[in-house]
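J.: Sequence unavailable; structure follows:
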């Protein structure tokens, strides 16, 4: 009997409720386990307890920005190898260390390709 592969975990850090819902529904339909954070501080709290396979990170967030989240991830030896994909209308301003960027409005086919690349 072949072991079933573990479901990959994706952390979505997005403050826009509609975008967050769309990303959640899409990722669940693709077979991923999805964790949600609405601001940078929530994201760092989640990362203290769970090590996702991928982080989808908006840059313009309340409390702690995406840039501040990236800085915290980059300085933590337990987190810095987690791929982070920036989802933003400002992809040209993405911080160093991101795996890649996906421009908003989000193309589902681009998102699918990026998530598969970093989770499979």
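T.: All right, it came through fine. Every value quoted in this text rests on a predicted model; they were computed, and no experiment measured them.

J.: Let me see the ranges of the helices in this structure.
T.: Applying DSSP state H to the chain gives helices spanning 17-29, 40-49, 66-75, 108-119.

J.: Buried residues, the last one. List them.
T.: By 16 or more other Cβ atoms under 10 Å, the buried positions in helix 108-119 come out as 111, 114, 115, 118, 119. From N, CA and C alone the C-beta is placed, and that goes for glycine too.

J.: ok, those vs residue 81, which is closest?
T.: Relative to residue 81, the closest of the buried residues of helix 108-119 is residue 118; by Cβ to Cβ it sits at 11.5 Å.

J.: for the protein, what helix or strand is lowest in average pLDDT?
T.: Every helix and strand of the chain was ranked by mean pLDDT, DSSP states H and E. The lowest is strand 100-103, at a mean of 87.

J.: now for that one, which elements pack on it?
T.: Under the contact criterion of 3 or more Cβ pairs under 8 Å, 6 or more residues apart in numbering; DSSP states H and E, strand 100-103 touches strand 84-88, helix 108-119.

J.: Provide the strand pairings for that strand, with the direction of each partner.
T.: strand 84-88 (parallel) (DSSP bridges).

J.: Quick one: low-confidence residue ranges for this structure.
T.: Residues of the chain that meet the criterion pLDDT under 70 lie in 1-5.

J.: tell me, what residue is most central in it?
T.: residue 56 (1.7 Å; Cα atoms, centre = their mean).

J.: For residue 41, see how far away it is.
T.: Residue 56 sits 17 Å away from residue 41, going by Cβ to Cβ, to the nearest Å.

J.: what's the answer for residue 89, then?
T.: In this view, residue 89 and residue 41 are 22 Å apart by Cβ to Cβ.

J.: returning to that earlier point: for residue 97, find the nearest of the helices and strands packed on strand 100-103.
T.: Residue 97 sits nearest to strand 84-88 of all the helices and strands packed on strand 100-103, at 7.1 Å, using Cβ to Cβ.
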